[in-house]
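Enquirer: next come a sequence and a model predicted from it.
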Amino acid sequence: METKEVCFNWALFWQAASAIATTAAVVVALWQTRYSNKKRLKIKFRDNVILTNKTSKESYVELEISNVGNRKIIINRYGMSFNEGFFVVSFPDETEMINTRRPVVLDIEESKIITWKKEEFIQVLKDQCKTSGNSKITLFVQDTAGNFYTTRTPKKRMQYLNENYSK
């Protein structure tokens with residue numbers, strides 16, 4: 001019986017490694033093109049704002065909307081969302097709100113602030129909101145593509161109502 005020397009085929013190894021690297025490069029390229037056109041918003045809620053350019057000491061709540069994605073976003077609705085499946089949608093009144101011309105257009109890396117009088121915010125919580133007093137309020141903005149972006153208030157519903165009664 002004759003013995004054969006077994007030799008490793010390096011050409012086959014490099015061909016397989018090249019195929020794996022090419023597949024990985026295609027997957028990364030497809031992921032990057034999908035990510036580069038992504039719409040993303042960052043929303044912050046503040047509940048104790050006093051505007052310095054006003055003569056009165058009226059409190060406001062505000063919703064800061066920042067476009068952190070790579071595409072222009074047009075917002076056509078914003079407001080509060082409740083657990084019962086209904087919304088309180090805000091349409092801005094130029095005399096009562098600031099920076100809220102409708103629709104709100106956000107270019108890349110741009111921010112806008114939507115402001116409500118705090119007493120009107122509390123009134124909506126009293127009249128419309130039937131959720132538990134121990135739940136936080138969900139605020140939303142909706143773009144023209146129908147995507148919802150949400151944030152929650154830092155305090156629970158009853159905390160806002162109790163603050164209002166103590167004043």
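Expert: Thanks, I have it. Numbers count the residues shown, from 1 in each chain.

Enquirer: now the helices: where do they sit in the chain?
Expert: Under the criterion DSSP state H, the chain contains helices at 10-36, 118-127, 157-166.

Enquirer: tally of neighbours for the nearest residue to V105 once chain neighbours are set aside?
Expert: Nearest in space to V105, with sequence neighbours left out and distances taken as Cβ to Cβ, 6 or more residues apart in numbering, is I74 at 5.3 Å. Any C-beta I mention is one placed from the backbone N, CA and C, and that applies to glycine too. Neighbours of I74 under the rule other Cβ atoms under 10 Å: 11.

Enquirer: closest to S135 out of the helices of the chain?
Expert: Smallest distance to S135 across these (Cβ to Cβ): 6.1 Å, for helix 157-166.

Enquirer: count of neighbours near Y160?
Expert: Applying other Cβ under 10 Å, we find 21 residues neighbouring Y160.

Enquirer: thinking again about what came up before, I'd like the helices of the chain as JSON lines, with mean pLDDT and distance to N67 appended.
Expert: Below are those laid out as JSON lines (pLDDT from 0 to 100; distance: least, Cβ to Cβ, whole Å):
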{"stretch": "helix 10-36", "mean pLDDT": "89", "distance to N67": "15"}
{"stretch": "helix 118-127", "mean pLDDT": "81", "distance to N67": "24"}
{"stretch": "helix 157-166", "mean pLDDT": "78", "distance to N67": "28"}
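
Enquirer: the ones you listed: which one's closest to E2?
Expert: Among the helices of the chain, the nearest to E2 by Cβ to Cβ is helix 10-36 (24.4 Å).

Enquirer: can I assume the residue nearest to V105 is in contact with K112?
Expert: No: using Cβ atoms under 8 Å, I74 is not in contact with K112; the gap is 11.4 Å.

Enquirer: could you tell me which residues touch both of the two?
Expert: Residues touching both I74 and K112 by Cβ atoms under 8 Å, 6 or more residues apart in numbering: V104, L106.
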